[in-house]
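>>> Dropping the sequence and predicted coords here.
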Amino acid sequence: MKLKTSILCAATFAVMPALAADPAKINWPKVPVVKVPLFYPGQSTYEWLRSAEHKGASKEVIRGDACTTCHDEEDNEKDLGAKLVKANPLEPMPVRAKNGFVELQVQAAYDAENAYFRFQWKTQAPEPGTEYPYYRFDGKEWKAWGAPRLDAPIQQGKQPAIYEDRLSMMIDDGKVPMFAQQGCWLTCHDGERDSRKVATKDEVAANEAMKAYGKADVRKYLPASRNDPSDWKTGKSLDELAKIKAEGGFADLIQWRANRSNPINMADDGWVLHWRNFDAGKNPFASNMDDKTKQPKYMFDAAKFGSKEVTANQLRRQANYLVKGGNAVPFDPNAGWKEGDMVPRYYLQPGDVTGSAADNKAVGVWKDGTWTVLLTRPLNLANDDDKAFKEGGVYSVGFAVHDDSITTRGHHVSWVRTVGFGAKAKTDIQAVKLK
Ligand code: HEC
């Protein structure tokens with residue numbers, strides 16, 4: 001991020017004082033707050049929405065009508081969330097005492113270089129969700145420990161609920177058919193993890209298209225990536241996908257992660273077409289498992305962290321991030337590991353983040369029960385896996401928050417919103433130009 005330090009300009013800044021491009025210095029109280037209601041969607045997949053179970057609406061949804069042509073009543077999101085978060089046909093694994101609704105406050109601004117977003121929401125837990133599952137030594141082997149709340153071992157009380165809080169934004173620039181009307185739901189399908197009719201490992205392994213994609217499970221995909229949009233098994237060829245992608249027929253997906261990106265002031269960058277892919281380059285985080293030795297790659301540097309491991313009683317009491325080039329040293333199998341010793345499942349790699357994967361900077365602070373996340377994304381990105389925000393542009397976006405140790409569909413989501421950067425058309429969220 002380039003910092004402008006010209007004092008001459010400062011006098012003309014209407015909203016921002018001294019420094020351009022430092023989102024913390026933007027005069028946010030002057031930027032309008034848009035309240036975006038988020039609700040728990042259960043398993044309301046693309047396929048369910050087009051079925052007779054979506055009472056009297058399947059024809060309209062297939063035709064491409066906007067969700068909000070019908071779901072336009074005040075507090076509809078609160079009602080939907082309250083119903084869907086409890087046991088019902090769209091929620092076979094209800095999470096005890098979970099909230100059905102979250103209000104997300106969104107503010108947006110931009111200058112010649114960047115778009116800036118400020119997000120705020122209240123967390124259900126009385127602490128920030130900054131932990132991520134671990135690898136735990138059981139005396140013999142290193143096994144994953146801790147998991148999100150929709151997982152069976154958590155619901156059966158066999159393991160602790162652990163997962164990072166997240167804020168996601170899916171973006172389209174008008175090139176994904178129906179995105180402006182139906183948003184993120186286009187990417188949510190039967191067969192995906194935690195969804196209806198979850199695809200088994202064997203089913204995925206036997207599928208030619210998934211083999212060609214090199215994927216072992218089904219994740220978010222857009223209808224255009226399949227010959228039959230309602231059947232994950234009918235994936236198009238890599239050549240066909242490359243053509244759709246080159247024409248802009250993919251959605252951008254930014255995810256701020258309280259554990260795996262926030263400690264190094266980043267959000268990740270991804271794109272959705274046939275799967276939920278990461279942008280080219282290197283991510284803020286990487287797996288801490290060596291697939292060959294079945295042992296972690298890194299452990300803590302005791303001189304810097306205080307110990308080589310973390311134990312369960314240290315969770316949520318301290319910052320347990322493993323940082324390559326910081327507090328991490330190569331794993332030593334002979335370091336005297338005891339049952340119950342743990343190391344993080346992912347390490348952060350601030351010195352390695354490169355390419356298009358490195359576009360999004362973000363700083364999140366949790367205080368008094370509320371996350372405040374400042375996201376900075378350069379304007380006019382020219383990568384082939386990004387939707388470039390441009391002056392004058394209007395974009396369709398969907399927002400999601402993963403709250404209180406949950407992942408996959410256990411998030412709270414929004415209907416589509418529009419964001420404009422000095423656009424002529426009126427948009428739900430109008431980014432304020434910083435002069
Ligand atoms: C033609 C009108 C119409 C359209 C368009 C429509 N819905 Fe619905 N939807 C309904 C009605 C009617 C219900 C049942 C009443 C209720 O619970 O609100 C419903 C119920 C739902 C439910 C709750 C299911 C339940 O078990 O109560 C969800 C979730 C939902 N719709 C999502 C969507 C999404 C997402 C879209 C856009 C892709 C959409 N709807 C588009 C009319 C519509």
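That came through, no problem.
>>> need the next SSE after the lowest-mean-pLDDT helix or strand in the chain, C-terminal direction.
None of the helices or strands of the chain scores lower by mean pLDDT, DSSP states H and E than helix 7-10, at a mean of 33. Going down the chain from helix 7-10, the next helix or strand is strand 34-39, by DSSP states H and E.
>>> For the following helix or strand past that next one, the averaged confidence score.
Where DSSP H and E defines the elements, the next helix or strand beyond strand 34-39 is helix 46-49. Averaging pLDDT along helix 46-49 yields 98.
>>> starting at the chain centroid, how far to the helix or strand following helix 46-49?
Downstream of helix 46-49, the first helix or strand assigned by DSSP H and E is helix 58-63. Put simply, helix 58-63 sits 28 Å off its chain's centre (C-alpha atoms, centre = their mean, to the nearest Å).
>>> If we go by neighbour counts, what in helix 58-63 is buried?
Of the residues in helix 58-63, 60, 61 count as buried by neighbour count, 16 or more other C-beta atoms under 10 Å. Quick note: C-beta positions are derived from backbone N, CA and C, even for glycine.
>>> which strands and helices sit next to the helix or strand just after it?
Next along the chain after helix 58-63, taking DSSP H and E as the criterion, comes helix 76-84. Packing partners of helix 76-84 (3 or more C-beta pairs under 8 Å, 6 or more residues apart in numbering; DSSP states H and E): strand 34-39, strand 101-110.
>>> So is helix 76-84 next to the ligand?
Yes - using C-beta under 6 Å from any ligand atom, a contact is recorded between helix 76-84 and the ligand, made by 80, 83.
>>> Name the residues that touch that helix?
The contact list for helix 76-84 (C-beta atoms under 8 Å, 6 or more residues apart in numbering) reads 37-42, 44, 71, 90-91, 99-101, 412, 415.
>>> Which among these count as buried?
37-42, 44, 90-91, 99-101, 412, 415.
>>> In CSV: the helices and strands packed on helix 76-84, plus distance to the ligand and mean pLDDT.
As requested, the helices and strands packed on helix 76-84 are exported to CSV (distance: least, C-beta to the nearest ligand atom, whole Å; pLDDT from 0 to 100):
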stretch, distance to the ligand, mean pLDDT
strand 34-39, 8, 98
strand 101-110, 13, 98
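>>> Can I get these in CSV including distance to residue 138?
Formatted as CSV, those follow (distance: least, C-beta to C-beta, whole Å):
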stretch, distance to residue 138
strand 34-39, 38
strand 101-110, 36
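>>> Indicate which one of those is closest to residue 356.
strand 101-110 (19.7 Å; C-beta to C-beta).
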